[in-house]
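Engineer: Requesting a structural model of the entry that follows:
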Amino acid sequence: GVVGLGGVASHAGQPFQVNEATRQISLADVILLNKTDLVSAHQLSAVENAILKMNSAATLVKTHHSKIDLGLILDVKAYNPEHSKVQVNDIGTPQHSITKGVTTVTIETKGYLDKVLLDDWIVSLLWDKSIHDNSDLPMEIMRIKGVLHIHGEDRQVILQGVYELYETHPTTPWEVGQERISRLVVIGTNLDYDILLQSFKKCLV
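Structural biologist: Numbering: from 1, shown residues only. The predicted structure is shown next:
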């Protein structure tokens, strides 16, 4: 998993721009918000809300003097399907703005995904950048993560990707009677919910 660290005093009262800080926040599974004792409750709440709008699938941990339970960052459970589903389900809307040009999109579909078609779709999205928005701009992916239902695989499959790097990893079996939904959280620029969803559904068997 990816762990990010930020000083809340550095961001309090400042608008978030698309820079290295926002990129790191977008990539993180866990975000440590340090120096919380140096700002007011109102400032802390504003920074928390801004960060969660950037990456509401991440776990936000408030600290001061960098004191942290190591279990929170050494056992991120990035490949635990139950943990991943909880994170993905925390995204309440299909698409919302992070900062100018950066959005979080959640897409989901029922049914089996074909592994070959899925790999081709991921390569098109992350490597070839051949999936464009409705202005014909290539979608730029910072982070992609989710739970997948793959044809011929009885286990839930976790997808984790950062920029051009990604991997899929089978985990625990689907439970009897469990609704098998493939759900992804995508963070990046030029994202178009409808185009992403329709291209993703082309991976169905």
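
Engineer: Please make it C-alpha for all contacts and neighbour counts, starting now.
Structural biologist: Will do.

Engineer: what's the residue nearest the centre of the chain in contact with, if anything?
Structural biologist: Central residue check for the chain by C-alpha atoms, centre = their mean: the C-alpha nearest the mean position is that of Val185, 4.6 Å away. Neighbour list for Val185: Ala57, Val88, Thr104, Val105, Thr106, Ile107, Ile144, Lys145, Gly146 [criterion: C-alpha atoms under 8 Å, 6 or more residues apart in numbering].

Engineer: Helix or strand: which one has the fourth one?
Structural biologist: Spelled out, that is Val105. Under the assignment given by DSSP states H and E, the secondary-structure element containing Val105 is strand 102-110.

Engineer: Tell me how far that strand lies from the chain's centre.
Structural biologist: Its chain's C-alpha centre and that of strand 102-110 lie 9 Å apart, by C-alpha atoms, centre = their mean, to the nearest Å.

Engineer: same check, this time on stretch 183-201
Structural biologist: A distance of 12 Å separates the centroid of the chain from that of stretch 183-201, by C-alpha atoms, centre = their mean.

Engineer: Quick check: buried residues in that stretch?
Structural biologist: Along stretch 183-201, these residues count as buried under the neighbour rule (16 or more other C-alpha atoms under 10 Å): 183-193, 196-197, 200-201.

Engineer: Grab the two from the residues you listed that are most spread out in space.
Structural biologist: Thr189 and Lys201 (20.7 Å; C-alpha to C-alpha).

Engineer: Would you check that Thr59 makes contact with Leu27?
Structural biologist: No. Between Thr59 and Leu27 there is no contact, the gap being 11.8 Å when judged by C-alpha atoms under 8 Å.
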